[in-house]
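Undergrad: sequence and predicted structure below; questions after.
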Amino acid sequence: MSKGAFPIHQWDFSNESVLVDLPQEVYDRLTAHKTERVYAQHEILFREGAFPSGIFYIVKGKVKKYKADREGKEQIVNLAHTGQLVGYHAVLSEERYPDTAATLEKSTIAFIPKEDFLAALDQSPLLTNRLLTTLSHEFAVLVNNLTMFARKTVRERLAMQLLIVREKFRDDVISLNREDLANLVGTARENVIRVLAAFREEGLVETQGRKIIIRDVDKLMAIASYP
């Protein structure tokens with residue numbers, strides 16, 4: 001149990017509200033040529049450097065966005081889940097995808113062609129304003145995350161990321177493999193395993209295979225130096 005609420009809005013790229021309660025004609029325009037399919041776990045939605053042909057809507061599931069270096073080492077920059085949009089930044093900027101997106105689990109993903117997305121934007125000031133608000137918020141979140149990586153230790157960053165993922169997915173049980181968790185924290189897999197073992201010994205978490213069960217939110221918040 002937690003005595004205080006964790007301010008997930010300061011750390012989460014959240015855009016679930018963008019498509020909620022749109023005027024019917026805007027929604028119809030947006031989804032006129034929508035396609036939907038099931039992606040297997042770890043399947044790629046789009047790759048860094050490719051030209052965008054549309055945006056992706058997560059009907060059900062989880063997606064990671066990441067950048068990879070020349071050796072293939074990933075740095076996860078965002079986790080997205082059911083109800084969120086992925087890939088719209090590149091469409092809006094008319095540039096290549098700045099990162100790669102892949103599923104974390106078996107997921108149902110809808111694809112919306114960029115022509116329909118842009119036409120809906122032209123038709124709807126409401127949709128445009130929502131996206132502008134979302135983009136402004138995401139910039140603030142990016143600044144917070146950069147500060148976290150620059151100033152916090154691996155132990156502090158892991159505590160923070162466990163809190164963020166817990167709040168984002170609204171579940172005390174976090175199902176991430178250790179490699180993805182390390183790429184989210186920005187450290188080696190061995191470091192995550194070592195710090196997780198310490199958290200387990202301190203009674204902060206339990207582990208069952210790849211699953212991490214959060215047991216003490218307040219102590220994790222204290223380790224993360226928040227508030």
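TA: Arrived safely, thanks for sending.
Undergrad: Thr134 contacts Val18, doesn't it?
TA: Yes: contact criterion CB atoms under 8 Å: Thr134 and Val18 qualify, at 6.1 Å. For the C-beta atoms, the positions are set from N, CA and C on the backbone; glycine is no exception.
Undergrad: for the closest residue to Asp69 other than its chain neighbours, list the residues it contacts.
TA: Counting by CB to CB, 6 or more residues apart in numbering, Asp69 lies nearest to Gln75, which is 7.9 Å off, once chain neighbours are set aside. For Gln75, the contacting residues are 66-69, 183, 186, by CB atoms under 8 Å, 6 or more residues apart in numbering.
Undergrad: Gln75 pairs with what?
TA: Lys67 (DSSP bridges).
Undergrad: per-residue pLDDT, it?
TA: Among the per-residue scores, Gln75 holds a pLDDT of 92.
Undergrad: quick check: Pro113 vs Ala182, distance?
TA: As defined by CB to CB, to the nearest Å, Pro113 lies at a distance of 36 Å from Ala182.
Undergrad: by contact count, what packs against the strand or helix carrying Leu158?
TA: Following DSSP states H and E, the helix or strand that holds Leu158 is helix 154-169. Packed against helix 154-169, as judged by 3 or more CB pairs under 8 Å, 6 or more residues apart in numbering; DSSP states H and E, are the following elements: strand 74-81, helix 125-151, strand 173-175, helix 178-185, helix 189-201, strand 211-214, helix 217-223.
Undergrad: save these as TSV, and put in distance to Leu158 too.
TA: Compiled in TSV, the helices and strands packed on helix 154-169 are given as follows (distance: least, CB to CB, whole Å):
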stretch	distance to Leu158
strand 74-81	13
helix 125-151	11
strand 173-175	11
helix 178-185	5
helix 189-201	5
strand 211-214	10
helix 217-223	8
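Undergrad: minimum distance to Gln24: which of these has it?
TA: Shortest separation from Gln24 across those is recorded for helix 125-151, at 12.4 Å, computed as CB to CB.
Undergrad: could you list the buried residues of the closest one?
TA: Judged by neighbour count (16 or more other CB atoms under 10 Å), helix 125-151 contains these buried residues: 127, 130-131, 134, 137-138, 141, 145, 148.
Undergrad: which of those lies closest to Lys168?
TA: Val141 (11.6 Å).
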